[in-house]
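Participant: Return a 3D structure for these sequence lines:
(one chain, ligands or ions: 2)
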Amino acid sequence: KDGQLLSSVVRTLATQSPFNDRPMCRICHEGSSQEDLLSPCECTGTLGTIHRSCLEHWLSSSNTSYCELCHFRFAVERKPRPLVEWLRNPGPQHEKRTLFGDMVCFLFITPLATISGWLCLRGAVDHLHFSSRLEAVGLIALTVALFTIYLFWTLVSFRYHCRLYNEWRRTNQRVILLIPKSANIPSNQQSLLGLQSLKRNSKETIV
Ligand SMILES: [Zn+2]
Ligand SMILES: [Zn+2]
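Facilitator: Ligands and ions are numbered 1, 2, ... in the order given. I've put the predicted structure just below:
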């Protein structure tokens, strides 16, 4: 539905644009002064030209590999970004804060739980020596409860962050567009039209 909305917006922009005679990128609406424009899919006219970087960025964030308008499937190579990059910038501010908070908690609670667990067990052993069984059992139960809570919390937060990391990795891949050099759009319109008819011809021969 979003794609449909976007394409209708793009379409109205394209028809209203005063720069109809000049090829421009359909995402950032800039010309070919900064970066060469490509015509990588079946779209024609003002919708047919796009910057490589704009397209790669869009394919990465939308996690697709085809054109939203003509559904042409692009040849792309996806490379996952390293874990370090996620740790440095895991996304929105609140996720960053949660990750940092949980890591600090983990580093703080782990030695605390270990020390108190060890003290409890030592106390239990001492009580056993003086044959006060009830206190020994109580201390062991306390140790078990402590570790259960600790393990439960660690597992829950670990799974939560794993889920966020997987989501991040899925939508933040480095996308490299694999297109032949001949798909580059030359600046003059004559050859642009030539390319489009060529494209149409090749489509017909395939059909
Ligand atoms: Zn662009
Ligand atoms: Zn297209």
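
Participant: Walk me through the domains of the protein.
Facilitator: When the chain is parsed with automatic domain parsing, its domains come out as 2-80+173-206, 83-171.

Participant: in the chain, which segments are predicted with low confidence?
Facilitator: Scanning the chain with the threshold set as pLDDT under 70 gives 1-21, 180-207.

Participant: JSON lines for the domains of the chain, including distance to ligand 1 and mean neighbour count?
Facilitator: Where you see a C-beta, it was placed from the backbone N, CA and C, and this is true even at glycine. Below are the domains of the chain laid out as JSON lines (distance: least, CB to the ion, whole Å; neighbours: other CB atoms under 10 Å):
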{"stretch": "domain 2-80+173-206", "distance to ligand 1": "3", "mean neighbour count": "14"}
{"stretch": "domain 83-171", "distance to ligand 1": "20", "mean neighbour count": "13"}
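
Participant: I'd like those as a markdown table, with distance to ligand 2 appended.
Facilitator: Listed next are the domains of the chain as a markdown table, based on distance: least, CB to the ion, whole Å:
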| stretch | distance to ligand 2 |
| --- | --- |
| domain 2-80+173-206 | 3 |
| domain 83-171 | 21 |
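
Participant: ok, then the element right after the helix or strand containing Ser61?
Facilitator: In the assignment (DSSP states H and E), Ser61 maps to helix 52-62. Later in the chain than helix 52-62, the nearest helix or strand by DSSP H and E is strand 76-79.

Participant: The helix or strand just after that following strand packs against which elements?
Facilitator: Next helix or strand after strand 76-79 toward the C-terminus (DSSP H and E): helix 83-88. Counting contacts by 3 or more CB pairs under 8 Å, 6 or more residues apart in numbering; DSSP states H and E, helix 83-88 packs against helix 133-171.

Participant: Name the next helix or strand downstream of the helix it packs on, please.
Facilitator: Scanning forward in sequence from helix 133-171 by DSSP H and E, the next helix or strand is strand 174-177.

Participant: which residues sit against that next one?
Facilitator: Contact with strand 174-177 is made by 40, 52, 55-57, 59-60, 65, 74-81, as judged by CB atoms under 8 Å, 6 or more residues apart in numbering.
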